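Asks: Sequence plus predicted model, see below.
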Amino acid sequence: MRKSDLSWIGILRVGHDWATTTQREAAGVLEPDAFAFEATVAVRWSDADSTGAINDARLVTLMEEARVAWLLSVGAQYRPLITSAMIVTVGIRFRRRLTHRDGPVRIGMWIDGHRSVDFVIGYEIRAGGDPAGSAPAATATTQMAVVDIEKHTLRRLTSEEKGHLAAWSRSG
């Protein structure tokens with residue numbers, strides 16, 4: 001699939017370069033400023049406050065929609081990792097205000113690190129009209145822990161899962 005090929009998932013418009021992902025996985029890591037996945041997420045009128053600014057809490061929802069689109073797009077071999085991941089923490093650093101008029105927003109994601117039972121997803125959030133390479137309006141992270149669904153306990157990442165996470169990580 002080329003970057004110009006788009007699929008609709010709910011209200012999301014998602015573009016993903018599969019050939020590049022395969023090449024990145026073979027290489028082992030992403031370039032320092034590359035994304036493992038980038039989603040274009042529609043901004044609803046209800047996401048904005050009375051001044052037109054996207055509500056801070058609603059930005060977390062937009063990040064969730066982008067993250068879910070990424071995780072649903074990766075394929076069946078990643079299912080055990082995806083279905084056992086739960087959110088531990090979310091952190092956002094706002095750099096400039098985003099408004100309803102800035103939508104749809106572009107949310108680029110990558111794996112920012114992983115340990116034995118958890119991993120961190122990094123995000124860069126930009127207005128839809130921002131030029132490539134521009135400073136993000138917000139940066140964020142989501143720490144995800146992996147659990148044994150049946151035992152309701154944390155579980156260790158498998159070596160295969162760590163390999164997937166490493167392939168989605170930035171170098172440098």
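Replies: Perfect, I can see it now. Residues are numbered from 1 along each chain as shown.

Asks: Show me where this protein has its helices.
Replies: 18-27, 56-73, 79-83, 159-167 (DSSP state H).

Asks: Please indicate which of those helices has the most neighbours on average?
Replies: helix 56-73 (a mean of 18; mean count of other C-beta atoms under 10 Å). Every C-beta, even on glycine, is put in place using the N, C-alpha and C of the backbone.

Asks: Who are the packing partners of that helix?
Replies: Judged by 3 or more C-beta pairs under 8 Å, 6 or more residues apart in numbering; DSSP states H and E, the packing partners of helix 56-73 are strand 6-9, strand 12-15, strand 37-41, strand 85-94, strand 105-114, strand 118-126, strand 138-148.

Asks: that older thread, okay, the helices of the chain in CSV with mean pLDDT and distance to residue 110 next?
Replies: As requested, the helices of the chain are exported to CSV (pLDDT from 0 to 100; distance: least, C-beta to C-beta, whole Å):
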stretch, mean pLDDT, distance to residue 110
helix 18-27, 40, 10
helix 56-73, 92, 10
helix 79-83, 83, 15
helix 159-167, 91, 10
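
Asks: Using CSV, please lay out these together with distance to residue 105.
Replies: Listed next are the helices of the chain as CSV, based on distance: least, C-beta to C-beta, whole Å:
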stretch, distance to residue 105
helix 18-27, 22
helix 56-73, 6
helix 79-83, 23
helix 159-167, 25
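
Asks: Determine which of these approaches residue 124 most closely.
Replies: With C-beta to C-beta, the closest approach to residue 124 among those belongs to helix 56-73: 10.7 Å.

Asks: Lowest mean pLDDT among the helices and strands of the protein, which one is it?
Replies: strand 6-9 (a mean of 28; mean pLDDT, DSSP states H and E).

Asks: what sits against residue 59?
Replies: Contact analysis of residue 59 by C-beta atoms under 8 Å, 6 or more residues apart in numbering lists 47, 92, 98, 125, 138, 140.

Asks: need the contact list for the fifth one.
Replies: Residue 138 makes contacts with 59, 92, 93, 94, 95, 96, 98, 123, 124, 125, as judged by C-beta under 8 Å, 6+ apart.
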